[in-house]
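Novice: Kindly generate the corresponding structure for this input.
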Amino acid sequence: MDETKIDHAAMGRLAKALNFICGPDHLTTIALKAAAESGSEKDIKKARALFLKLKPGERKGALAMLAD
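Specialist: Numbers count the residues shown, from 1 in each chain. Take a look at the predicted model:
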């Protein structure tokens with residue numbers, strides 16, 4: 001995945017997709033929700049790093065849900 005910036009609205013939608021795929025208590029879901037709400041650079045970096053550590057199928061599934 002490249003260094004593409006993800007806006008706050010997209011992070012919120014991505015958090016909702018991961019909520020469905022991984023569950024509401026998953027660390028990445030929580031981090032994406034926090035980044036979407038706060039917009040702080042620290043939260044965004046943490047959420048992005050955790051998203052990149054997901055299994056490829058989970059990442060692709062979440063991104064596919066955004067495309068719909």
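Novice: so what's K53 closest to, chain neighbours aside?
Specialist: Leaving aside its sequence neighbours, K53 sits nearest to T28 (Cβ to Cβ, 6 or more residues apart in numbering; 7.6 Å). (Glycine included, C-beta is placed from N, CA and C.)
Novice: and if you look at G39?
Specialist: H8 (5.5 Å).
Novice: so what pLDDT did the one you found get?
Specialist: The model reports H8 with a pLDDT of 76.
Novice: what do you get for K5?
Specialist: So, for K5, pLDDT stands at 65.
Novice: Could you give the secondary structure assignment for A17?
Specialist: helix (DSSP: H, G, I helix; E, B strand; the rest coil).
Novice: In contact with it, which residues are there?
Specialist: 61-63, 65-66 (Cβ atoms under 8 Å, 6 or more residues apart in numbering).
Novice: hang on, the earlier thing: what residues are up against the residue nearest to G39?
Specialist: H8 neighbours (Cβ under 8 Å, 6+ apart): 35-36, 39.
Novice: separation between it and G23?
Specialist: 22 Å (Cβ to Cβ, to the nearest Å).
Novice: and what of A49?
Specialist: 19 Å.
Novice: now swap in G12 and tell me
Specialist: 17 Å.
Novice: Pick out whichever of the two has more residues nearby.
Specialist: For G12 and G23, the more surrounded residue by other Cβ atoms under 10 Å is G12, and the numbers stand at 15 against 9.
Novice: which residues of this protein score low on pLDDT?
Specialist: By pLDDT under 70, the low-scoring segments of the chain are 1-5.
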